[in-house]
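**Q** Whatever this is, show me its structure:
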Amino acid sequence: QLQASGGGLVQPGGSLRLSCAHSGFILDDYAIGWFRQAPGKEREGVSCISRGDGTTHYADSVKGRFTISRDNYKRTVHLQMNSLKPEDTAVYYCALYYYCAGYSPAYWGRGTLVTVSS
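**A** Numbers count the residues shown, from 1 in each chain. Below is the predicted model:
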């Protein structure tokens, strides 16, 4: 299971922290991260943590503004989003990946809506 939370309405330039509680799989079998989908747009990979060495990856559109982190003991993954822009508005999904490259999710849960608007 993958349960995302923390979305909401925020003004441009603001911050939000998304959280994902996950269970039911072996941590070392998957990479884990986030993708988003805005209305009328294709799914976009946002950020991912590789299995094993935990290398972090970011889409160019969020690099320098978003930070992904994980707590394997608590089985949570977080996405700290700073300097939010209206184009960040989307439903954000926590997902499992076989590999971060290509951001092709194997499993994902219900998303959380992020709206960036004044």
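**Q** Could you use CA atoms for every contact and neighbour count after this?
**A** Fine.
**Q** Now Ser117, what are its backbone angles?
**A** In terms of degrees, to the nearest 10, the main-chain angles of Ser117 are phi -160, psi 150.
**Q** From Lys85, how far out is it?
**A** For Ser117, the distance to Lys85 (Cα to Cα, to the nearest Å) stands at 8 Å.
**Q** cool, and Val114?
**A** Using Cα to Cα, one obtains 11 Å as the distance from Val114 to Lys85.
**Q** between these two, who's got more neighbours?
**A** Val114 (22 against 18; other Cα atoms under 10 Å).
**Q** and Ile26, how many neighbours?
**A** Neighbourhood size, Ile26 [other Cα under 10 Å]: 7.
**Q** ditto for Lys74
**A** Using other Cα under 10 Å, Lys74 has 10 neighbouring residues.
**Q** per-residue pLDDT, it?
**A** For Lys74, the pLDDT comes out at 85.
**Q** what does the one 3 residues further on give?
**A** Here the pLDDT value assigned to Val77 is 95.
**Q** so who does it touch?
**A** Shown in contact with Val77 (Cα atoms under 8 Å, 6 or more residues apart in numbering): 19-21, 32-33, 68-71.
**Q** The most centrally placed residue in the chain: what secondary structure?
**A** The centroid of the chain falls nearest to Trp34 when counting by Cα atoms, centre = their mean (2.5 Å). Three-state call for Trp34 (DSSP: H, G, I helix; E, B strand; the rest coil): strand.
**Q** correct me, but it touches Cys94?
**A** Yes. Contact criterion Cα atoms under 8 Å: Trp34 and Cys94 qualify, at 4.6 Å.
**Q** Which neighbours do Ser117 and Lys85 have in common?
**A** Pro12.
**Q** distance of Asn82 from Arg17?
**A** Here the criterion is Cα to Cα. By it, Asn82 lies 9 Å from Arg17.
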